[in-house]
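Visitor: coords below, sequence missing:
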């Protein structure tokens, strides 16, 4: 370990070198990998964040989509400060968890009751266990490219090739219990017809990777019908879409109500934690009064009071719908502006996205790739293109979330949009000059 105090290091490059001595790969999350080195953030507020050298970034990662109200919203900061002064953790029940659950219940159509967990990964893990407990059948349908956390039961199918496991260390039994389907109703019906052990379906309701590959029109309705016809538990993963697409998430805007819903990110106001909400018939299996008929679940930090304080403060604002309306409008301006730049420079690319998200695909017949929901094309932006694009944006003070897209918040402004589109155009011009993208 260096004798130099951490606080005196003002270069992300130097900090990264030090991090590599104590953190595997120098990072705490694979999505934070960046070449030649990642940025190290010192502070943030509103739509901006600042690295340890003082460089400003317009932020479209927004805490991996968890900060619907922007960085350091004063109501959330004050709620956290007040609760921390009263105690950070009790390992007991407390009033804030009740208020938090009541807010979620009022907002999310499927949430008759709520159980808090420690993260989005824990939320999907618990929902899948409840699904098995209710159906009595071990197998789960999940969809190609959808992301539901890092645990064993959703490892297969996360990345291409979708019939091969993408990581070491996963139990063979977990792989055998997973049925990977394309996001197509006929494929789902065929899988169920051929395998009577399928008891649950989980779906990222934006489509793969927060909408990088959108779902076909009517797909969620088809899933609800198929689940009802076959006695299958339907789980909506709303870890990103929850409270973002609307106060009640995608299930509110689509009118399709699942049996169970997984939540994290916005539900906590950007703090660690998550939740599973569900119809009482399903979530009620967590009631320990059922004895041997219950589904077992524990978690030391479930409903942590600091996260609860943050979640309550955030949801009281988010339930009005005003933050979503503003963030959606900002994202629409970004998508429209990006498309205008692509068209003016005759680049075969398509800017798209729903709600407060924006994505970009650059490649042959880009609009047709989007219209066909072609996962193999929409997720095939070349790695060297993505790396240069992300680095070029950061050099100019704009940071996107992943791949070629990002999310907006209620803190983003029209001025942010104007600056972002200026930077985007300069990066596209560089990419053309370097021959990394061509003209139509």
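Guide: That came through, no problem. All values reported here derive from a predicted model rather than from experimental measurement.
Visitor: wait, is residue 277 part of a helix?
Guide: No: the secondary structure assignment for residue 277 gives strand rather than a helix, going by DSSP: H, G, I helix; E, B strand; the rest coil.
Visitor: do you know how far it is from residue 130?
Guide: For residue 277, the distance to residue 130 equals 11 Å [C-beta to C-beta, to the nearest Å]. Using the backbone N, CA and C atoms, a C-beta is placed for each residue, glycine as well.
Visitor: residue 300 too?
Guide: Counting by C-beta to C-beta, the gap from residue 300 to residue 130 is 20 Å.
Visitor: hang on, the earlier thing: ok, residue 277 and residue 130, which is more surrounded?
Guide: Comparing residue 277 with residue 130 by other C-beta atoms under 10 Å, the one with more neighbours is residue 277, at 31 against 24.
Visitor: hmm, that one is touching residue 104, no?
Guide: Yes: taking C-beta atoms under 8 Å as the definition, residue 277 is a contact partner of residue 104 at 5.9 Å.
Visitor: name the residues contacting each of these two.
Guide: When contacts are counted by C-beta atoms under 8 Å, 6 or more residues apart in numbering, residue 277 and residue 104 have 111, 114, 263 as shared neighbours.
Visitor: what's the helix or strand for the last one?
Guide: Using DSSP states H and E, residue 263 maps to strand 260-264.
Visitor: any regions of this protein where pLDDT drops low?
Guide: 1-3 (pLDDT under 70).
Visitor: can you spell out the domain ranges of it, please?
Guide: According to the domain assignment given by automatic domain parsing, the chain is divided into the following structural domains: 39-71+321-433, 74-318.
Visitor: got CSV for those domains, with distance to residue 17 too?
Guide: Listed next are those as CSV, based on distance: least, C-beta to C-beta, whole Å:
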stretch, distance to residue 17
domain 39-71+321-433, 11
domain 74-318, 27
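Visitor: next helix or strand past the helix or strand where residue 103 lies?
Guide: Of the helices and strands defined by DSSP H and E, residue 103 is found in helix 95-107. The helix or strand immediately downstream of helix 95-107 is strand 113-117, counting by DSSP H and E.
Visitor: what's that next one packed up against?
Guide: Contacts defined by 3 or more C-beta pairs under 8 Å, 6 or more residues apart in numbering; DSSP states H and E place strand 113-117 against helix 95-107, helix 120-135, strand 274-278, helix 280-283.
Visitor: can you list the neighbours in contact with it?
Guide: Residues outside strand 113-117 that contact it (C-beta under 8 Å, 6+ apart) are 97, 100-101, 104-105, 123, 126, 264, 273-278, 280, 283-284, 286, 297, 299, 302-303, 308.
Visitor: in PyMOL, how would I select the buried members of those residues?
Guide: What follows is the PyMOL syntax for the buried subset of the contacts of strand 113-117, where burial is set by 16 or more other C-beta atoms under 10 Å:
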select buried, resi 97+100+101+104+123+126+264+273+274+275+276+277+278+283+284+286+297+299+302+303+308
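Visitor: rewinding a little: need the residues touching each of residue 277 and residue 130.
Guide: In the contact map built from C-beta under 8 Å, 6+ apart, the residues linked to both residue 277 and residue 130 are 260, 283.
Visitor: distance check, residue 407 against residue 266.
Guide: Summarising the geometry, the distance separating residue 407 from residue 266, computed by C-beta to C-beta, is 10 Å.
Visitor: what is in contact with those two at once?
Guide: Counting by C-beta under 8 Å, 6+ apart, the residues touching both residue 407 and residue 266 are 65, 244.
Visitor: out of the shared contacts of residue 277 and residue 104, which comes closest to residue 34?
Guide: Taking C-beta to C-beta as the measure, residue 34 lies nearest residue 263 of the shared contacts of residue 277 and residue 104, at 28.4 Å.
Visitor: beta partners of the closest one?
Guide: Residue 263 forms beta bridges with residue 275, as assigned by DSSP bridges.
Visitor: wait, doesn't it sit right on residue 242?
Guide: Yes: counting by C-beta under 8 Å, a contact exists between residue 263 and residue 242, whose distance comes to 4.6 Å.
Visitor: which one of those two has more residues nearby?
Guide: Here residue 263 and residue 242 are compared on neighbour count by other C-beta under 10 Å; more neighbours surround residue 242, at 34 against 31.
Visitor: what's the closest non-adjacent residue to that one?
Guide: Setting aside the residues directly before and after it, residue 242 is nearest to residue 249 in space (C-beta to C-beta, 6 or more residues apart in numbering), at 4.2 Å.
Visitor: need the contact list for that neighbour.
Guide: Taking C-beta under 8 Å, 6+ apart as the test, what residue 249 contacts is 108, 205, 236, 238, 241-243, 261.
Visitor: go again using 7 Å as the cut-off
Guide: Residue 249 makes contact with 108, 238, 241-243, according to C-beta atoms under 7 Å, 6 or more residues apart in numbering.
Visitor: equivalent analysis for residue 358, please.
Guide: With C-beta under 7 Å, 6+ apart, residue 358 has these contacts: 331, 334-335, 338, 351, 405-406.
Visitor: what sits up against the host helix or strand of residue 77?
Guide: Element membership of residue 77, judged by DSSP H and E, is helix 74-86. The list of residues contacting helix 74-86 from outside it, by C-beta under 7 Å, 6+ apart, reads 69, 269, 305-306, 309-310, 312-314, 317.
Visitor: neighbour-wise, which one of the residues you listed leads?
Guide: Note: the member of the contacts of helix 74-86 with the most neighbours is residue 269, at 32 neighbours, neighbours being other C-beta under 10 Å.
Visitor: my read: that one touches residue 316, true?
Guide: No: using C-beta atoms under 7 Å, residue 269 and residue 316 do not qualify as a contacting pair, with a distance of 9.9 Å.
Visitor: would you map the helices across the stretch 251-400 of the chain?
Guide: Taking DSSP state H, counting those that start in this stretch as the criterion, the stretch 251-400 of the chain carries its helices at 280-283, 305-318, 322-344, 366-371, 375-378, 383-395.
Visitor: mind putting the ones you listed in a markdown table, distance to residue 141 included?
Guide: Output for the helices of the stretch 251-400 of the chain, formatted as a markdown table (distance: least, C-beta to C-beta, whole Å):
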| stretch | distance to residue 141 |
| --- | --- |
| helix 280-283 | 17 |
| helix 305-318 | 30 |
| helix 322-344 | 30 |
| helix 366-371 | 25 |
| helix 375-378 | 16 |
| helix 383-395 | 30 |
